[in-house]
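Student: take this sequence and fold it.
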Amino acid sequence: MTNSIQTAHDASATLISVISPIYGCRSTLTELAKRVEMAFQDECLDWELVLVDDRGPDQPWPVIEELSAKDPRIRGIRLARNHGQHLAIWAGLEAARGDFIVVIDCDLQDDPSVIPELYRLVQQDDVEAVIVDRGTWSDSKLRRMASNSFYALVKWLAGVKIDNIGNFGIYSRRMVNTLLLFTEQEIFLPIMVSLTGYPTTKHQVDRGTRHEGSSSYNFLRLLRLAVAIVIRFSDRPLKLSVLLGGALSGMSALISFVLLMMWLAGSFTVQGWTSTILSIWFLSGLILATLGIHGFYLGRVFREVQGRPRILIQETTDLEETALSRARDV
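Tutor: So this is what the prediction gives:
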């Protein structure tokens with residue numbers, strides 16, 4: 001970090017807020033802050049870095065506090081428990097003060113040096129967001145296959161195309177203010193951005209190598225995330241259950257006709273075998289599958305109507321906010 005630390009934002013300069021949810025990246029935080037600072041070194045832009053501690057296993061909060069103490073442009077938010085990546089991003093969006101907001105991962109696969117270029121593109125294209133297309137990945141084939149399967153499943157079941165994009169991008173203040181109007185418990189940034197209807201564009205940037213560790217999104221977690229997205233943002237599974245019911249009913253009628261012919265031909269000697277097998281194999285399975293799909297939706301509705309706080313913040317590095325929270329406790 002440079003010795004000349006900016007203590008107050010220039011009111012005439014555009015302020016860029018860089019948000020990074022932190023989980024399992026304690027060792028990368030110093031380098032991340034350094035690269036963000038270097039990205040703005042030759043730019044007529046003001047900046048702040050908002051690090052959101054999602055209560056990772058490696059305890060990143062002491063490092064965040066140390067970085068914030070050295071440079072007031074670096075701010076820390078510590079969540080009360082692990083909320084998941086996208087709710088951690090939302091906590092950063094709520095705290096961001098910038099005219100434009102950048103969301104970036106903490107593992108250094110997303111290159112902070114392209115942020116000024118994204119800023120110029122968002123103004124040049126007159127859009128509300130420029131989202132980074134990940135281009136060529138340096139991850140393993142298994143990791144890329146899992147991600148591609150995730151995109152395909154979301155596209156097929158939810159009807160939403162989010163091919164090869166993540167959270168990395170720049171978003172206007174108007175876009176962020178609109179996003180913060182959404183009050184759902186389930187949050188997924190790329191889809192929420194598309195729901196605003198504002199014009200956006202893509203910019204391809206190849207992902208770098210991971211600085212340390214591995215992605216916490218294994219195949220099982222990606223599958224769970226895909227199911228959550230589908231249930232939250234689409235009713236297509238309900239429609240598919242109707243089509244499945246019709247298809248199985250048609251198949252059952254066809255098999256019934258075949259079995260009836262076999263019964264008339266004397267192939268069956270046990271009375272009632274045909275009707276019993278058809279009832280168990282088709283109707284019971286169909287009913288259970290349909291009830292299961294409806295159960296997913298009822299579970300999501302139950303979570304929404306509970307009205308619990310979506311994000312719980314334990315502490316921040318902002319002195320003003322800390323003093324205010326202490327006053328409220330008293």
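Student: what about residue 42, which SS state?
Tutor: Going by DSSP: H, G, I helix; E, B strand; the rest coil, the secondary structure assigned to residue 42 is coil.
Student: that one: neighbouring residues, count only.
Tutor: For residue 42, the neighbour count with other C-beta atoms under 10 Å is 8. No exception for glycine: its C-beta is placed from N, CA and C like everyone else's.
Student: then the one 4 residues further on?
Tutor: Neighbour count for residue 46, taken as other C-beta under 10 Å: 21.
Student: just the pLDDT for it.
Tutor: At residue 46, the predicted lDDT confidence score is 94.
Student: what pairs with it across the strands?
Tutor: Applying DSSP bridges to residue 46 gives these bridge partners: residue 15.
Student: my read is that it contacts residue 15, right?
Tutor: Yes - counting by C-beta atoms under 8 Å, residue 46 does reach residue 15; the two are 4.5 Å apart.
Student: in stretch 112-128, what counts as buried?
Tutor: Judged by neighbour count (16 or more other C-beta atoms under 10 Å), stretch 112-128 contains these buried residues: 112, 114-116, 118-119, 121-122, 127-128.
Student: ok, residue 13 to residue 34 distance?
Tutor: To residue 34, residue 13 is 21 Å away according to C-beta to C-beta, to the nearest Å.
Student: same deal with residue 228?
Tutor: For residue 228 relative to residue 34 (C-beta to C-beta), the value is 35 Å.
Student: residue 47 now?
Tutor: From residue 47 to residue 34 the distance is 13 Å (C-beta to C-beta).
Student: who has more neighbours, the two?
Tutor: Legend: neighbour count by other C-beta under 10 Å for residue 47 and residue 34, higher for residue 47 (25 against 14).
Student: close enough to count as contact, the more buried one and residue 73?
Tutor: Yes - applying C-beta under 8 Å as the test, residue 47 and residue 73 come out as touching, 6.3 Å apart.
Student: and the contacts of the helix or strand harbouring residue 167?
Tutor: Per DSSP states H and E, residue 167 falls inside strand 165-172. Applying C-beta atoms under 8 Å, 6 or more residues apart in numbering, the external contacts of strand 165-172 come out as 16, 85-86, 89, 99-105, 110, 115, 118-119, 121-122, 128-134, 179, 189-190, 193, 202, 205.
Student: ok, 7 Å please
Tutor: 89, 100-105, 110, 118-119, 122, 128-134, 189-190, 202 (C-beta atoms under 7 Å, 6 or more residues apart in numbering).
Student: could you point out which element follows it?
Tutor: Using DSSP H and E, the first helix or strand after strand 165-172 is helix 173-179.
Student: helices along the stretch 51-200 of the chain, start to end?
Tutor: For the stretch 51-200 of the chain, helices defined by DSSP state H, counting those that start in this stretch occupy the ranges 61-70, 85-95, 115-124, 141-158, 173-179, 189-196.
Student: pLDDT on the last one, on average?
Tutor: The pLDDT scores in helix 189-196 average 87.
Student: by contact count, what packs against the next helix or strand after that helix?
Tutor: Toward the C-terminal end, the helix or strand that comes next after helix 189-196 (DSSP H and E) is strand 200-204. Packing partners of strand 200-204 (3 or more C-beta pairs under 7 Å, 6 or more residues apart in numbering; DSSP states H and E): strand 129-133.
Student: helices along the stretch 201-330 of the chain, start to end?
Tutor: Per DSSP H, counting those that start in this stretch, the stretch 201-330 of the chain carries helices over the ranges 219-233, 236-264, 273-278, 285-305, 319-329.
Student: re earlier: buried sites along the strand holding residue 167?
Tutor: 165-172.
Student: closest one to residue 183 out of the buried residues of stretch 112-128, please.
Tutor: Nearest to residue 183 among the buried residues of stretch 112-128, counting by C-beta to C-beta, is residue 128 at 20.4 Å.
Student: count of neighbours near residue 263?
Tutor: Around residue 263 there are 14 residues (other C-beta under 10 Å).
Student: ok, residue 294 to residue 288 distance?
Tutor: 11 Å.
Student: excluding its backbone neighbours, what's nearest residue 231?
Tutor: residue 296 (4.9 Å; C-beta to C-beta, 6 or more residues apart in numbering).
Student: I'd assumed residue 232 was in contact with that neighbour.
Tutor: No - at 9.9 Å, residue 296 does not count as touching residue 232 under the criterion of C-beta atoms under 7 Å.
Student: which one's more surrounded, those two?
Tutor: residue 232 (19 against 16).
Student: how far away is that one from residue 53?
Tutor: Distance of residue 232 to residue 53, given as C-beta to C-beta: 25 Å.
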